[in-house]
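Visitor: Okay, here's the prediction I keep looking at, along with the sequence it came from:
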Amino acid sequence: MSQLPSTVPLVRALSGDGDRGYELLILSGPVVIGVIALLGRSMVTTALAMGYILAFVLYLVWIGVTS
């Protein structure tokens, strides 16, 4: 069960090299959207969305700088 993200063929095909950080961010996106849909728009869910976007952008910048 802990290998689920690495066994999702669509994610592996899109990410190419099997970057687990990228896969984790891609797979957690729908969860973030679901939480926002369930809880409604509030300061907490806005902070959650902003944190997700910031983490995604910072990760992509970090990968770009270190590669």
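Guide: Structure's in. What do you need? Numbering: from 1, shown residues only.

Visitor: three-state assignment of Arg41?
Guide: Secondary structure, DSSP: H, G, I helix; E, B strand; the rest coil: Arg41 is coil.

Visitor: Spit out the contact partners of the residue nearest to the spatial centre of the chain.
Guide: With the centre of the chain defined as its mean C-alpha position, the nearest residue by CA atoms, centre = their mean is Leu25, 1.7 Å away. Contacts here follow CB atoms under 8 Å, 6 or more residues apart in numbering; on that basis Leu25 touches Tyr52, Ala55, Phe56, Tyr59. Using the backbone N, CA and C atoms, a C-beta is placed for each residue, glycine as well.

Visitor: quick one: which of those is nearest to Thr45?
Guide: Tyr52 (10.5 Å; CB to CB).

Visitor: And the pLDDT for that closest one?
Guide: With respect to pLDDT, Tyr52 has a value of 94.

Visitor: Would you mind giving me the PyMOL syntax to select the buried ones in the contacts of Leu25?
Guide: This is the PyMOL syntax for the buried subset of the contacts of Leu25, where burial follows 16 or more other CB atoms under 10 Å:
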select buried, resi 52+56
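
Visitor: From the contacts of Leu25, which land in helices?
Guide: Of these, the ones assigned to helices by DSSP state H are Tyr52, Ala55, Phe56, Tyr59.

Visitor: how about these in CSV, adding distance to Ser67?
Guide: Formatted as CSV, the entries for those read as follows, by distance: CB to CB, whole Å:
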residue, distance to Ser67
Tyr52, 22
Ala55, 18
Phe56, 16
Tyr59, 12
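
Visitor: ok, back up a step: tell me which residues of the particular helix or strand that has the residue nearest to the centre of the chain in it are tucked away?
Guide: Under the criterion of DSSP states H and E, Leu25 resides in helix 20-39. Within helix 20-39, the residues that count as buried by 16+ other CB under 10 Å are Tyr22, Glu23, Leu25, Ile26, Val32, Ile36.

Visitor: How about stretch 39-49?
Guide: Result for stretch 39-49 [16+ other CB under 10 Å]: buried residues Thr45.
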